[in-house]
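Peer 1: model the following, please.
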Amino acid sequence: MRALLLTLLLASCAPHAAPTTSASAAPIGLATALESDDHPTDTELPDRVMEALSAALTAHDLRPVTLSAMPAAFAEAPSTPARLKLAATDAPQDLLLLVEAHPSFYAQVAGRFRWTVDVTVTLARKDDLANAHTVSWSLPVFLQFSHQREADALSEAAPLLHRRLNAELDAWSATR
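Peer 2: Below is the predicted model:
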């Protein structure tokens, strides 16, 4: 029993290989939007979330190219299809990934602050927006302090987002 426990412990501590991007990695336009109840789309996603997105994409041999002008334009295009169309007109890449996040405070539970982060992920080909693949998740997050806001909740949801996006990219890659 001890040997099994020691083996499991050592296996969990083993370093994991970082995702590598091959020279033939397909570029994918990455458009992001962070929404809140107080502000319309006004900021980009936190660094921790961008790193999680990038890691999931590079693990699937995709090279993310951030479309930087999108958050300002998205404030005037509140729907996913409208945002996808805006991203398609601005992106030189054939593939697009649109990530929309809306963290919202839910309740205080046992001295911690529960947030729900609603995330919509849309994968599409630039020339075939009508057949875009869209999936939405509600990710639960607990924050420790009352001053932590939307960006903190989204950063805390980054590992969950990474796992879900990996699974979605696996399914999407299988149909390509």
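
Peer 1: helices or strands next to the host helix or strand of residue 96 in the packing?
Peer 2: Here residue 96 sits within strand 95-109, counting by DSSP states H and E. Under the contact definition 3 or more Cβ pairs under 8 Å, 6 or more residues apart in numbering; DSSP states H and E, strand 95-109 sits against strand 26-34, helix 47-59, helix 80-90, strand 112-125, strand 128-143, helix 150-156. C-betas here are computed from N, CA, C, even on glycine.

Peer 1: would you mind writing the CA trace of the shortest one as CSV?
Peer 2: Think helix 150-156. This file holds the C-alpha atoms of helix 150-156, laid out as CSV (Å, rounded to 0.1, in the frame of the first residue of the first chain):
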residue,chain,number,x,y,z
GLU,A,150,-14.4,40.2,-12.3
ALA,A,151,-10.8,39.9,-13.5
ASP,A,152,-9.9,38.0,-10.3
ALA,A,153,-12.8,35.6,-10.7
LEU,A,154,-11.9,35.0,-14.3
SER,A,155,-8.2,34.4,-13.4
GLU,A,156,-9.3,31.9,-10.8
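
Peer 1: centre of the chain to it, how far?
Peer 2: When distances are taken as Cα atoms, centre = their mean, to the nearest Å, helix 150-156 is centred 12 Å away from the chain's centroid.

Peer 1: which other helices and strands contact it?
Peer 2: The elements that helix 150-156 packs onto, with contact taken as 3+ Cβ pairs under 8 Å, 6+ apart, are strand 26-34, helix 47-59, strand 95-109, strand 112-125, strand 128-143.

Peer 1: how about the helix or strand following it: buried residues?
Peer 2: Counting by DSSP H and E, the element after helix 150-156 in chain order, helix or strand, is helix 158-175. In terms of neighbour count (16 or more other Cβ atoms under 10 Å), helix 158-175 has its buried residues at 158, 160, 161, 162, 164, 165, 166, 168, 169, 172.
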